[in-house]
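Visitor: Got a sequence here, can you model it:
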Amino acid sequence: MKVAALVEEIEARVEGLPVRNAPALRGLRRAYSKRVEALAPRDVVTIATALIARRRVHRFIGDELIASHPDAFASLDLAQLEQLGSGISSWDQVDSFACILSGPAWREGHIEDHAIERWAKSKDRWALRALVAQDPNAVRRFIGTNEARLAALVRREVLHKLGTGRKNPKPSRWNVSRDAAL
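Guide: Next up is the predicted model:
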């Protein structure tokens, strides 16, 4: 199987979907995960890396291709994870990377604590955001140490995300009705 041809095929299939919502994209990714399950781990990682780098499909497709291939996931090292994590520029991309690849890789010992500590000292806000899914205590320490230089909105949203899993907590019906009565 030619890696470049498969990357182009996946991109074309995504572009051809009548609806590109998460269930449709995930169904397509599952079909391709079955097609690549017999490939060498390095080929799966190469396909996923190309899909992510080319930015023509949602990032989670590449991340999930790796995560759904146990040998490909097990083959990831720090350099590969940092390459896969480079160029992140949005919440959905960082959440995909952190929840599907870097967090599980750290939890399973593919990367060591010193790498996470280095990421925690990064000035890259996306590297810091990835830590929320990996080490909430490191994030809390970072916020405490850097409180003066962080915007109040950033502190509030990150702490809400750590506590509730949501960036902005939704008001409950109880609060809305109580406030309306006042």
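Visitor: mind giving me the domain ranges of the chain?
Guide: The chain breaks down into these structural domains: 1-75, 89-170 (assignment by automatic domain parsing).
Visitor: so how far is the longest one from its chain's centroid?
Guide: Looking back up the chat, that one is domain 89-170. Offset of domain 89-170 from its chain centre (Cα atoms, centre = their mean, to the nearest Å): 11 Å.
Visitor: Any idea which of the domains of the chain gets closest to Q83?
Guide: Closest approach to Q83 among the domains of the chain (Cβ to Cβ): domain 1-75, 6.8 Å. Bear in mind the C-beta positions are built from the backbone N, C-alpha and C, glycine included.
Visitor: State the distance from I100 to Q93.
Guide: In this view, I100 and Q93 are 11 Å apart by Cβ to Cβ, to the nearest Å.
Visitor: a markdown table for the domains of the chain, including distance to L81 and mean pLDDT?
Guide: Shown next, in a markdown table, are the domains of the chain (distance: least, Cβ to Cβ, whole Å; pLDDT from 0 to 100):
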| stretch | distance to L81 | mean pLDDT |
| --- | --- | --- |
| domain 1-75 | 10 | 96 |
| domain 89-170 | 5 | 79 |
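Visitor: can you put those in CSV and add distance to Q83?
Guide: Shown next, in CSV, are those (distance: least, Cβ to Cβ, whole Å):
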stretch, distance to Q83
domain 1-75, 7
domain 89-170, 11
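Visitor: Go through those domains and name the closest to E82.
Guide: domain 89-170 (8.2 Å).
Visitor: how about the strands of this structure, start to end?
Guide: Assigned by DSSP state E, the chain shows no strands.
Visitor: which ones are touching A53?
Guide: Applying Cβ atoms under 8 Å, 6 or more residues apart in numbering, we find A53 in contact with G87.
Visitor: one more time with 10 Å
Guide: V7, G62, Q83, L84, S86, G87 (Cβ atoms under 10 Å, 6 or more residues apart in numbering).
Visitor: now, which of those residues sits nearest N146?
Guide: When these are compared against N146 (criterion: Cβ to Cβ), the nearest one is S86, at 22.9 Å.
Visitor: For the closest residue to L101 other than its chain neighbours, grab the count of nearby residues.
Guide: Distances taken as Cβ to Cβ, 6 or more residues apart in numbering place D63 nearest to L101, at 5.3 Å, with adjacent residues excluded. By the criterion of other Cβ atoms under 10 Å, D63 has 23 neighbours.
Visitor: From H69, how far off is D63?
Guide: The gap separating D63 from H69 is 11 Å, by Cβ to Cβ.
Visitor: any shared contact partners between the two?
Guide: In contact with both D63 and H69: A48, using Cβ under 10 Å, 6+ apart.
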